[in-house]
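[1] below: sequence and its predicted model.
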Amino acid sequence: MTRTSRLVTLALALAATTVMTVSPAVSADGTEGERETVCAEDLFVRVTAPHGAWMGTLRRGQTFLVEQGGGDWVYGFAYGDINRRGWVQNGWFC
């Protein structure tokens, strides 16, 4: 194997590793007072309570301002297509 082909192989391996590292494999809990970015493909927003009536869906990249944090669910303002307050399942933020 020539030096050039080894360098190309190494560069391709590094590029593949970088792409895998950048992808959002791990989601995080929301922090009270922070406007969080949604990492999930779809995150359902509930109207009155956790597991309550469905109001709409936040898509990946849209944001949610966590007003009450902690636990499995957080309450706050859903930006994007919804633009209303509601509950979302915690743990799906970048």
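    On my side now, so go ahead.
[2] show the backbone phi and psi for the most centrally placed residue in the chain.
    Residue closest to the mean C-alpha point of the chain, counted by C-alpha atoms, centre = their mean, is C39 at 1.6 Å. For C39, the backbone dihedrals are phi -100, psi -20 (criterion: degrees, to the nearest 10).
[3] equivalent analysis for Y79, please.
    Y79 adopts backbone torsions of phi -80, psi 180, taken as degrees, to the nearest 10.
[4] OK, contacts around it?
    The contact partners of Y79, taken as C-beta atoms under 8 Å, 6 or more residues apart in numbering, are 35, 62-65. Using the backbone N, CA and C atoms, a C-beta is placed for each residue, glycine as well.
[5] report the buried members of those residues.
    For these, a burial check counting by 16 or more other C-beta atoms under 10 Å picks out 62-65.
[6] dump those residues into TSV; add distance to R46 and secondary structure as well.
    Formatted as TSV, these follow (distance: C-beta to C-beta, whole Å; DSSP: H, G, I helix; E, B strand; the rest coil):
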residue	distance to R46	secondary structure
Q62	16	coil
T63	17	strand
F64	12	strand
L65	16	strand
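[7] now, among those, which is nearest to A28?
    Set against A28, the nearest of the buried ones among the contacts of Y79 by C-beta to C-beta is F64 (12.4 Å).
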